[in-house]
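1. Using only what follows, build the 3D model:
(one chain, ligands or ions: 2)
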Amino acid sequence: SRRYNITLLPGDGIGPEIMRVAVDVLKAVGTLEGIQFEFTEKLVGGAAIDAVGDPLPEDTLKSCKESDSVLLAAIGGYKWDKNPRELKPETGLLKLRAGLGVFANFRPATVFPQLVDASPLKNEIADSVDIMVVRELIGGIYFGTPRGFGTTINGDRTGFNTDIYSAEEVDRIARVAFEMAQKRQRQLCSVDKANVLEVSQLWRERVTAIGAEYPDVNLTHMYVDNAAMQLIRNPKQFDTIVTSNLFGDILSDEASMITGSIGMLPSASISASGPGLYEPIHGSAPDIAGQDKANPLAQVLSVAMLLRFGLGEATAADRIEAAVMDALHRGYRTGDIMSDGKTLVGCCKMGEILLEALGVRATAS
Ligand code: IPM
Ligand code: MN
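-> Ligands and ions are numbered 1, 2, ... in the order given. Below is the predicted model of the structure:
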(Lines give C-alpha, C1' and ligand atoms only; values in the text may rest on other atoms or scores of the structure.)
(Ligands and ions follow the chains in the order given, each with its own letter.)
Protein backbone atom coordinates (compact mmCIF):
# COMPACT_ATOMS: atom_id res chain seq x y z
CA SER A 1 0.00 0.00 0.00
CA ARG A 2 1.05 3.61 -0.50
CA ARG A 3 2.56 5.44 2.46
CA TYR A 4 3.23 9.13 2.78
CA ASN A 5 4.80 11.37 5.41
CA ILE A 6 2.90 14.59 5.95
CA THR A 7 4.10 17.44 8.15
CA LEU A 8 1.18 19.24 9.78
CA LEU A 9 1.52 22.90 10.73
CA PRO A 10 -1.67 23.97 12.56
CA GLY A 11 -0.26 27.43 13.38
CA ASP A 12 -2.40 30.05 15.10
CA GLY A 13 -5.97 31.28 15.59
CA ILE A 14 -8.50 29.03 13.87
CA GLY A 15 -5.59 26.98 12.47
CA PRO A 16 -5.79 24.07 14.94
CA GLU A 17 -9.61 23.78 14.60
CA ILE A 18 -9.64 23.60 10.82
CA MET A 19 -6.56 21.34 10.83
CA ARG A 20 -8.39 18.80 13.02
CA VAL A 21 -11.19 18.56 10.46
CA ALA A 22 -8.74 18.31 7.57
CA VAL A 23 -6.76 15.51 9.21
CA ASP A 24 -9.93 13.54 9.99
CA VAL A 25 -10.93 13.86 6.34
CA LEU A 26 -7.46 12.83 5.16
CA LYS A 27 -7.45 9.78 7.43
CA ALA A 28 -10.92 8.79 6.27
CA VAL A 29 -9.99 9.03 2.62
CA GLY A 30 -6.81 7.09 3.39
CA THR A 31 -8.90 4.25 4.78
CA LEU A 32 -11.14 4.29 1.73
CA GLU A 33 -8.27 4.35 -0.75
CA GLY A 34 -5.81 2.12 1.09
CA ILE A 35 -3.32 4.93 1.64
CA GLN A 36 -1.33 5.22 4.85
CA PHE A 37 -0.38 8.59 6.24
CA GLU A 38 2.33 9.24 8.78
CA PHE A 39 1.75 12.63 10.44
CA THR A 40 4.36 14.83 12.11
CA GLU A 41 3.01 17.94 13.78
CA LYS A 42 5.31 20.96 14.09
CA LEU A 43 5.19 24.55 15.29
CA VAL A 44 5.16 27.61 13.04
CA GLY A 45 4.11 31.25 13.39
CA GLY A 46 2.94 32.73 16.66
CA ALA A 47 2.71 29.32 18.31
CA ALA A 48 6.41 28.77 17.56
CA ILE A 49 7.34 32.28 18.72
CA ASP A 50 5.64 31.62 22.06
CA ALA A 51 7.16 28.17 22.48
CA VAL A 52 10.73 28.66 21.25
CA GLY A 53 11.11 32.33 20.26
CA ASP A 54 11.36 31.67 16.52
CA PRO A 55 8.49 31.81 13.95
CA LEU A 56 10.15 29.02 11.92
CA PRO A 57 12.18 26.72 14.19
CA GLU A 58 14.92 24.78 12.42
CA ASP A 59 13.35 21.44 13.26
CA THR A 60 10.06 22.53 11.66
CA LEU A 61 11.76 23.35 8.36
CA LYS A 62 13.76 20.12 8.55
CA SER A 63 10.62 18.02 9.08
CA CYS A 64 8.89 19.82 6.19
CA LYS A 65 11.83 19.20 3.84
CA GLU A 66 11.88 15.52 4.76
CA SER A 67 8.17 14.93 4.21
CA ASP A 68 6.22 14.15 1.06
CA SER A 69 3.92 17.14 1.51
CA VAL A 70 3.31 19.90 4.03
CA LEU A 71 -0.15 20.91 5.20
CA LEU A 72 -0.35 24.34 6.81
CA ALA A 73 -3.44 25.93 8.37
CA ALA A 74 -2.93 29.62 9.19
CA ILE A 75 -0.60 31.89 11.10
CA GLY A 76 -0.73 35.27 12.81
CA GLY A 77 -2.70 37.18 15.42
CA TYR A 78 -3.01 40.51 17.22
CA LYS A 79 -0.69 39.28 19.93
CA TRP A 80 2.38 39.36 17.66
CA ASP A 81 1.42 42.28 15.39
CA LYS A 82 3.79 44.71 17.09
CA ASN A 83 6.77 42.35 17.14
CA PRO A 84 9.87 43.26 15.12
CA ARG A 85 9.85 41.66 11.66
CA GLU A 86 12.13 38.74 12.61
CA LEU A 87 9.65 37.81 15.33
CA LYS A 88 6.44 38.09 13.35
CA PRO A 89 4.42 34.96 12.50
CA GLU A 90 4.32 36.10 8.84
CA THR A 91 8.12 35.96 8.72
CA GLY A 92 7.91 32.28 9.65
CA LEU A 93 5.55 31.62 6.76
CA LEU A 94 7.69 33.54 4.27
CA LYS A 95 10.82 31.69 5.43
CA LEU A 96 8.98 28.40 5.10
CA ARG A 97 7.94 29.18 1.52
CA ALA A 98 11.45 30.33 0.64
CA GLY A 99 13.04 27.40 2.51
CA LEU A 100 10.97 24.91 0.53
CA GLY A 101 11.56 26.83 -2.70
CA VAL A 102 7.84 26.78 -3.49
CA PHE A 103 7.88 29.45 -6.18
CA ALA A 104 4.54 28.65 -7.80
CA ASN A 105 1.33 29.17 -5.85
CA PHE A 106 -1.97 27.98 -7.33
CA ARG A 107 -5.12 29.64 -6.01
CA PRO A 108 -8.29 28.38 -7.66
CA ALA A 109 -11.34 30.63 -7.35
CA THR A 110 -14.19 28.32 -8.27
CA VAL A 111 -17.80 29.29 -7.73
CA PHE A 112 -19.61 26.17 -6.58
CA PRO A 113 -23.14 26.14 -8.02
CA GLN A 114 -24.48 25.54 -4.50
CA LEU A 115 -22.85 28.76 -3.27
CA VAL A 116 -23.72 31.18 -6.04
CA ASP A 117 -26.20 32.89 -3.68
CA ALA A 118 -23.41 33.55 -1.18
CA SER A 119 -21.49 35.62 -3.75
CA PRO A 120 -21.80 39.38 -3.35
CA LEU A 121 -21.96 39.58 -7.15
CA LYS A 122 -25.16 39.07 -9.12
CA ASN A 123 -25.87 35.41 -9.87
CA GLU A 124 -25.39 35.77 -13.62
CA ILE A 125 -21.96 37.34 -13.07
CA ALA A 126 -20.68 34.91 -10.43
CA ASP A 127 -22.30 31.79 -11.85
CA SER A 128 -19.76 29.18 -13.08
CA VAL A 129 -16.71 31.39 -12.55
CA ASP A 130 -13.60 29.20 -12.53
CA ILE A 131 -10.32 31.09 -12.30
CA MET A 132 -6.86 29.78 -11.45
CA VAL A 133 -4.53 32.44 -10.08
CA VAL A 134 -0.89 31.43 -10.44
CA ARG A 135 1.03 33.63 -8.02
CA GLU A 136 4.83 33.86 -7.93
CA LEU A 137 5.54 33.15 -4.27
CA ILE A 138 9.19 33.55 -3.31
CA GLY A 139 10.33 36.65 -5.17
CA GLY A 140 9.28 40.19 -5.98
CA ILE A 141 8.70 42.90 -3.42
CA TYR A 142 8.15 40.39 -0.57
CA PHE A 143 11.80 39.40 -0.67
CA GLY A 144 13.62 42.10 -2.67
CA THR A 145 16.51 44.04 -1.19
CA PRO A 146 17.34 46.72 -0.27
CA ARG A 147 14.48 47.04 2.16
CA GLY A 148 14.11 48.73 5.48
CA PHE A 149 13.72 52.04 7.20
CA GLY A 150 15.84 55.12 6.67
CA THR A 151 15.84 58.88 6.92
CA THR A 152 15.87 61.68 4.39
CA ILE A 153 18.43 64.50 4.54
CA ASN A 154 15.73 66.48 6.34
CA GLY A 155 15.60 63.77 8.97
CA ASP A 156 12.16 62.56 7.96
CA ARG A 157 11.70 58.78 8.37
CA THR A 158 11.27 56.57 5.30
CA GLY A 159 10.29 52.98 4.65
CA PHE A 160 11.28 51.20 1.45
CA ASN A 161 11.12 47.87 -0.41
CA THR A 162 12.37 46.65 -3.74
CA ASP A 163 10.24 44.90 -6.36
CA ILE A 164 12.70 42.80 -8.34
CA TYR A 165 12.50 39.76 -10.62
CA SER A 166 15.23 38.10 -12.63
CA ALA A 167 14.44 36.78 -16.10
CA GLU A 168 14.92 33.24 -14.80
CA GLU A 169 12.40 33.76 -12.00
CA VAL A 170 9.81 35.05 -14.46
CA ASP A 171 10.55 32.27 -16.95
CA ARG A 172 9.96 29.48 -14.44
CA ILE A 173 6.66 30.85 -13.12
CA ALA A 174 5.54 31.57 -16.69
CA ARG A 175 6.22 27.96 -17.76
CA VAL A 176 4.24 26.59 -14.82
CA ALA A 177 1.37 28.96 -15.63
CA PHE A 178 1.33 28.02 -19.34
CA GLU A 179 1.28 24.35 -18.35
CA MET A 180 -1.63 24.99 -16.01
CA ALA A 181 -3.47 26.90 -18.74
CA GLN A 182 -2.93 23.95 -21.11
CA LYS A 183 -4.83 21.74 -18.67
CA ARG A 184 -7.62 24.30 -18.44
CA GLN A 185 -9.22 26.52 -21.10
CA ARG A 186 -5.88 27.52 -22.69
CA GLN A 187 -6.35 31.19 -21.83
CA LEU A 188 -3.54 32.81 -19.87
CA CYS A 189 -3.76 36.41 -18.69
CA SER A 190 -0.51 37.86 -17.35
CA VAL A 191 -1.12 40.71 -14.93
CA ASP A 192 1.47 43.45 -14.39
CA LYS A 193 1.99 47.21 -14.19
CA ALA A 194 4.24 47.53 -17.24
CA ASN A 195 3.00 51.06 -17.94
CA VAL A 196 4.85 52.24 -14.83
CA LEU A 197 7.30 49.64 -13.49
CA GLU A 198 10.50 48.29 -15.06
CA VAL A 199 10.07 45.07 -13.10
CA SER A 200 6.78 44.63 -14.94
CA GLN A 201 8.34 45.45 -18.31
CA LEU A 202 10.78 42.60 -17.82
CA TRP A 203 7.93 40.40 -16.60
CA ARG A 204 5.87 41.08 -19.74
CA GLU A 205 8.86 40.61 -22.04
CA ARG A 206 9.76 37.22 -20.51
CA VAL A 207 6.17 35.92 -20.32
CA THR A 208 5.74 36.85 -23.99
CA ALA A 209 8.99 35.07 -24.91
CA ILE A 210 8.04 31.91 -23.00
CA GLY A 211 4.63 32.09 -24.68
CA ALA A 212 6.31 31.18 -27.96
CA GLU A 213 6.87 27.69 -26.48
CA TYR A 214 3.12 27.34 -25.92
CA PRO A 215 1.43 28.29 -29.19
CA ASP A 216 -1.72 26.44 -28.09
CA VAL A 217 -2.30 28.86 -25.21
CA ASN A 218 -3.84 32.26 -25.88
CA LEU A 219 -1.74 34.78 -23.94
CA THR A 220 -3.06 38.21 -23.02
CA HIS A 221 -1.64 40.95 -20.77
CA MET A 222 -3.52 43.20 -18.41
CA TYR A 223 -2.54 46.01 -16.06
CA VAL A 224 -3.24 45.15 -12.47
CA ASP A 225 -5.64 48.04 -11.84
CA ASN A 226 -7.71 47.01 -14.83
CA ALA A 227 -7.56 43.36 -13.74
CA ALA A 228 -8.92 44.31 -10.30
CA MET A 229 -11.83 46.02 -12.02
CA GLN A 230 -12.43 43.29 -14.63
CA LEU A 231 -12.57 40.61 -11.92
CA ILE A 232 -15.70 42.29 -10.57
CA ARG A 233 -17.16 43.49 -13.89
CA ASN A 234 -16.88 40.20 -15.75
CA PRO A 235 -14.91 37.49 -13.95
CA LYS A 236 -15.89 34.85 -16.53
CA GLN A 237 -13.44 36.38 -19.03
CA PHE A 238 -10.60 34.87 -16.97
CA ASP A 239 -9.32 31.31 -17.09
CA THR A 240 -5.73 31.26 -15.80
CA ILE A 241 -4.01 34.36 -14.40
CA VAL A 242 -0.25 34.59 -13.80
CA THR A 243 1.16 37.40 -11.72
CA SER A 244 3.79 38.54 -9.27
CA ASN A 245 3.87 37.90 -5.55
CA LEU A 246 2.17 41.08 -4.34
CA PHE A 247 -0.35 41.42 -7.17
CA GLY A 248 -1.22 37.73 -6.73
CA ASP A 249 -1.75 38.21 -3.02
CA ILE A 250 -4.20 41.03 -3.63
CA LEU A 251 -6.02 39.61 -6.66
CA SER A 252 -6.49 36.19 -5.07
CA ASP A 253 -8.27 37.74 -2.08
CA GLU A 254 -10.46 39.66 -4.51
CA ALA A 255 -11.14 36.57 -6.63
CA SER A 256 -11.96 34.53 -3.54
CA MET A 257 -14.84 36.82 -2.66
CA ILE A 258 -16.53 36.08 -5.99
CA THR A 259 -16.92 32.53 -4.69
CA GLY A 260 -18.82 33.72 -1.64
CA SER A 261 -16.11 33.62 0.99
CA ILE A 262 -12.38 33.62 1.41
CA GLY A 263 -13.13 30.66 3.68
CA MET A 264 -13.57 28.51 0.56
CA LEU A 265 -10.22 28.97 -1.19
CA PRO A 266 -7.43 26.41 -0.95
CA SER A 267 -3.95 26.75 -2.39
CA ALA A 268 -1.04 24.62 -3.50
CA SER A 269 2.56 25.82 -3.68
CA ILE A 270 5.09 23.79 -5.58
CA SER A 271 8.83 23.84 -6.12
CA ALA A 272 11.04 22.46 -8.88
CA SER A 273 11.53 19.30 -6.81
CA GLY A 274 10.75 18.48 -3.21
CA PRO A 275 7.59 18.70 -1.14
CA GLY A 276 4.78 21.12 -1.86
CA LEU A 277 3.06 23.34 0.68
CA TYR A 278 -0.74 23.30 0.92
CA GLU A 279 -2.67 25.97 2.77
CA PRO A 280 -5.96 27.87 2.64
CA ILE A 281 -5.53 31.42 1.37
CA HIS A 282 -7.34 32.91 4.37
CA GLY A 283 -5.69 34.00 7.59
CA SER A 284 -5.91 32.80 11.18
CA ALA A 285 -9.12 34.78 11.98
CA PRO A 286 -8.17 35.47 15.61
CA ASP A 287 -11.55 37.17 16.17
CA ILE A 288 -13.38 33.83 15.89
CA ALA A 289 -10.61 31.47 17.07
CA GLY A 290 -11.65 28.81 19.56
CA GLN A 291 -15.37 29.42 18.99
CA ASP A 292 -16.03 26.55 16.59
CA LYS A 293 -17.27 29.05 13.98
CA ALA A 294 -14.52 28.72 11.36
CA ASN A 295 -15.18 27.38 7.88
CA PRO A 296 -12.89 24.35 7.46
CA LEU A 297 -13.63 23.92 3.74
CA ALA A 298 -10.63 25.86 2.39
CA GLN A 299 -8.42 23.68 4.58
CA VAL A 300 -10.19 20.51 3.45
CA LEU A 301 -9.95 21.56 -0.19
CA SER A 302 -6.23 22.20 0.40
CA VAL A 303 -5.99 18.55 1.42
CA ALA A 304 -7.57 17.66 -1.92
CA MET A 305 -4.93 19.76 -3.68
CA LEU A 306 -2.21 18.04 -1.63
CA LEU A 307 -3.47 14.65 -2.78
CA ARG A 308 -3.85 15.69 -6.41
CA PHE A 309 -0.76 17.85 -6.96
CA GLY A 310 1.57 16.56 -4.26
CA LEU A 311 0.94 12.84 -4.14
CA GLY A 312 -0.71 12.10 -7.47
CA GLU A 313 -3.70 10.60 -5.61
CA ALA A 314 -6.39 11.99 -7.89
CA THR A 315 -9.14 9.57 -6.86
CA ALA A 316 -8.71 10.46 -3.20
CA ALA A 317 -8.78 14.16 -4.13
CA ASP A 318 -11.97 13.64 -6.15
CA ARG A 319 -13.60 11.96 -3.17
CA ILE A 320 -12.87 14.93 -0.92
CA GLU A 321 -14.12 17.47 -3.44
CA ALA A 322 -17.27 15.41 -3.94
CA ALA A 323 -17.82 15.29 -0.15
CA VAL A 324 -17.54 19.10 0.04
CA MET A 325 -20.07 19.47 -2.80
CA ASP A 326 -22.35 16.99 -1.09
CA ALA A 327 -22.25 18.87 2.24
CA LEU A 328 -23.04 22.13 0.43
CA HIS A 329 -25.74 20.48 -1.64
CA ARG A 330 -27.40 19.22 1.53
CA GLY A 331 -27.54 22.81 2.73
CA TYR A 332 -24.90 22.87 5.45
CA ARG A 333 -23.16 26.23 5.86
CA THR A 334 -20.74 27.87 8.24
CA GLY A 335 -21.48 31.50 9.09
CA ASP A 336 -19.33 33.02 6.34
CA ILE A 337 -21.31 31.29 3.57
CA MET A 338 -24.71 31.24 5.27
CA SER A 339 -27.76 32.27 3.27
CA ASP A 340 -31.56 32.01 3.64
CA GLY A 341 -32.99 28.57 4.19
CA LYS A 342 -29.66 26.86 4.85
CA THR A 343 -28.48 25.05 7.96
CA LEU A 344 -25.89 26.89 10.05
CA VAL A 345 -23.19 24.60 11.44
CA GLY A 346 -19.91 25.03 13.27
CA CYS A 347 -16.46 23.86 12.26
CA CYS A 348 -16.64 20.45 14.03
CA LYS A 349 -20.10 19.69 12.74
CA MET A 350 -19.04 20.49 9.19
CA GLY A 351 -16.24 17.97 9.69
CA GLU A 352 -18.71 15.29 10.79
CA ILE A 353 -20.90 16.01 7.77
CA LEU A 354 -17.90 15.58 5.48
CA LEU A 355 -17.05 12.22 7.05
CA GLU A 356 -20.65 11.17 6.59
CA ALA A 357 -20.51 12.30 2.96
CA LEU A 358 -17.37 10.18 2.52
CA GLY A 359 -19.34 7.26 3.86
CA VAL A 360 -17.29 7.04 7.03
CA ARG A 361 -18.94 7.28 10.43
CA ALA A 362 -17.71 10.20 12.51
CA THR A 363 -15.73 9.06 15.52
CA ALA A 364 -14.17 11.10 18.28
CA SER A 365 -10.52 11.85 17.58
C1 IPM B 1 -1.33 34.86 1.98
C2 IPM B 1 -1.10 35.73 3.20
C3 IPM B 1 0.40 35.88 3.41
C4 IPM B 1 0.97 36.57 2.19
C5 IPM B 1 0.79 36.62 4.69
C6 IPM B 1 0.19 36.00 5.91
C7 IPM B 1 2.28 36.73 4.83
O8 IPM B 1 -1.75 36.93 3.06
O9 IPM B 1 -0.92 33.68 2.00
O10 IPM B 1 -1.94 35.33 1.03
O11 IPM B 1 0.94 37.81 2.10
O12 IPM B 1 1.45 35.86 1.30
MN1 MN C 1 -2.96 37.10 1.26
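2. Around ligand 1, which positions in this structure sit nearby?
-> For the chain, the contact set with ligand 1 under CB under 6 Å from any ligand atom comprises 76, 90, 93, 94, 249, 281. In this view, the C-beta of every residue, glycine as well, is placed from N, C-alpha and C.
3. How about the closest residue to ligand 1 within the stretch 151-300 of the chain: what's its closest non-neighbour residue?
-> At 4.6 Å from ligand 1, residue 249 is the closest residue in the stretch 151-300 of the chain, using CB to the nearest ligand atom. Nearest residue to residue 249 in three dimensions, chain neighbours excluded: residue 135, at 6.8 Å (CB to CB, 6 or more residues apart in numbering).
4. on that earlier part again, against residue 149, how distant is the residue of the stretch 151-300 of the chain closest to ligand 1?
-> Going from residue 249 to residue 149 by CB to CB, to the nearest Å gives 22 Å.
5. repeat for residue 160
-> 8 Å.
6. Out of the residues of the chain next to ligand 1, which one has the lowest pLDDT?
-> Lowest pLDDT among those: residue 281, with 94.
7. one step back: kindly list the main-chain dihedrals of the residue nearest to residue 249?
-> Per-residue torsions, residue 135: phi -100, psi 130 (degrees, to the nearest 10).
8. so it touches residue 103, yeah?
-> No. Using CB atoms under 8 Å as the test, residue 135 is too far from residue 103 to be in contact (9.7 Å).
9. Please identify which of the two sits among more neighbours.
-> Taking neighbours as other CB atoms under 10 Å, residue 135 and residue 103 compare with residue 135 leading, 28 against 21.
10. Could you tell me how many residues sit around the residue of the stretch 151-300 of the chain closest to ligand 1?
-> With other CB under 10 Å as criterion, residue 249 counts 19.
11. now do residue 341
-> Residue 341 has 8 nearby residues by other CB under 10 Å.
12. and what of residue 233?
-> Residue 233 has 11 neighbouring residues, counting by other CB under 10 Å.
13. any idea how far it lies from residue 135?
-> Taking CB to CB as the measure, residue 233 falls 21 Å from residue 135.
14. And the pLDDT for residue 125?
-> 97.
15. A helix includes it, no?
-> Yes. Residue 125: assigned to a helix according to DSSP: H, G, I helix; E, B strand; the rest coil.
16. What are the structural domain limits within this structure?
-> Domain ranges of the chain: 1-110+262-365, 130-258, per automatic domain parsing.
17. Would you tell me which one of those domains is buried the most?
-> Greatest average neighbour count among the domains of the chain goes to domain 1-110+262-365 (a mean of 20), per mean count of other CB atoms under 10 Å.
18. related to what we said a few turns ago, quickly find the element holding the residue of the stretch 151-300 of the chain closest to ligand 1.
-> Using DSSP states H and E, residue 249 falls within helix 245-258.
19. Next secondary structure element downstream of that helix?
-> Per DSSP H and E, the first helix or strand lying C-terminal to helix 245-258 is strand 268-270.
20. Which elements pack onto that following strand?
-> strand 104-110, strand 276-278 (3 or more CB pairs under 8 Å, 6 or more residues apart in numbering; DSSP states H and E).
21. Which stretches in the stretch 201-350 of the chain count as strands?
-> 218-223, 240-243, 268-270, 276-278, 332-333, 343-344 (DSSP state E, counting those that start in this stretch).
22. Adding mean pLDDT, write those strands out as a markdown table.
-> A markdown table is the format used below for these (pLDDT from 0 to 100):
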| stretch | mean pLDDT |
| --- | --- |
| strand 218-223 | 98 |
| strand 240-243 | 98 |
| strand 268-270 | 98 |
| strand 276-278 | 98 |
| strand 332-333 | 97 |
| strand 343-344 | 98 |
